[in-house]
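Chemist: Take a look and give me a structure for this.
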Amino acid sequence: MWLLYCITVLLRLLLINLKGYIHPDEFFQSPEILGGEELLFNYKVNLPWEFADTTNPCRSILPPIIGSGLSFWILKTLSETIEWFNVTGNLLLIFPRITMFIYSLIIDYTVYDICKKMNLSGNSWLLFLYSTSWITLIFYTHPFSNTLESIVYSLFVLIYFKFSLKLNIRLLLLSII
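Modeler: Got it, this is the predicted structure:
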């Protein structure tokens, strides 16, 4: 079953190269605002209305920075330090998706770890089922704030499971005493 899971992870990585987009927010809510004149690149962009008012924006800049900002910063650093390295449009499209792919593996780990802690014997089977989901294969590799919310939520669930199991053991020991 681990082989099938690894194949789906590889498939997820390969699907990053799809040139289409799922929703316009993939571009307008993350990369476009970070590629603007005042941030990482000096590209002429039209800021979405949520970010246009710089004193009181409707949305936080944190999800775009985590989703696309890190990728763009790496690309900018590479282009400034390596003379022959050029930032192309394709790199601007693919690099945030690669970053989100790496982030999506955090959810894979939490699914595996929670199944292991719950003593589910088919934890690799459950991980395979999760990894074949349309959401996992396509959406979790795109720079959406919802993807980051899913990652944070899965980490909170993992922390809860780790804490609650320790808490239950302590309560059991206290009840014995």
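Chemist: Which pLDDT value goes with residue 119?
Modeler: What the model reports as pLDDT for residue 119 is 77.
Chemist: and if you look at residue 39?
Modeler: On the pLDDT scale, residue 39 gets 60.
Chemist: Between the two ends of stretch 34-52, what distance do you get?
Modeler: End-to-end distance for stretch 34-52: 12 Å, by CA to CA, to the nearest Å.
Chemist: what's in contact with it?
Modeler: Stretch 34-52 has contacts (CB atoms under 8 Å, 6 or more residues apart in numbering) with 28-29, 32-33, 57-59, 61, 64-65, 68-69, 72-73, 76, 87, 92. Where C-beta positions appear, they are placed from N, C-alpha and C, glycine not excepted.
Chemist: now those residues: which count as buried?
Modeler: With burial judged by 16 or more other CB atoms under 10 Å, the buried subset of those is 28-29, 32-33, 64-65, 68-69, 72, 87, 92.
Chemist: Any figure for the gap between residue 104 and residue 33?
Modeler: For residue 104, the distance to residue 33 equals 22 Å [CB to CB, to the nearest Å].
Chemist: for the closest residue to residue 15 other than its chain neighbours, what are its contacts?
Modeler: Closest residue to residue 15 apart from its sequence neighbours, by CB to CB, 6 or more residues apart in numbering: residue 137 at 5.9 Å. Shown in contact with residue 137 (CB under 8 Å, 6+ apart): 8, 11-12, 15, 131.
Chemist: Kindly report the same for residue 107.
Modeler: Residue 107 sits next to 130, 136, 140, 150-151, 154 when contact means CB under 8 Å, 6+ apart.
Chemist: Would you mind confirming that residue 161 is in contact with residue 117?
Modeler: Yes - using CB atoms under 8 Å, residue 161 makes contact with residue 117 at a distance of 5.5 Å.
Chemist: one step back: which members of the contacts of residue 107 occur in helices, if any?
Modeler: 130, 136, 150-151, 154 (DSSP state H).
Chemist: Determine which two of those residues are furthest apart.
Modeler: Distances among these were taken as CB to CB; the most separated pair is 130 and 151, at 13.5 Å.
Chemist: Any regions of the chain where pLDDT drops low?
Modeler: In the predicted model, the chain carries pLDDT under 70 at residues 36-40, 121-122, 165-177.
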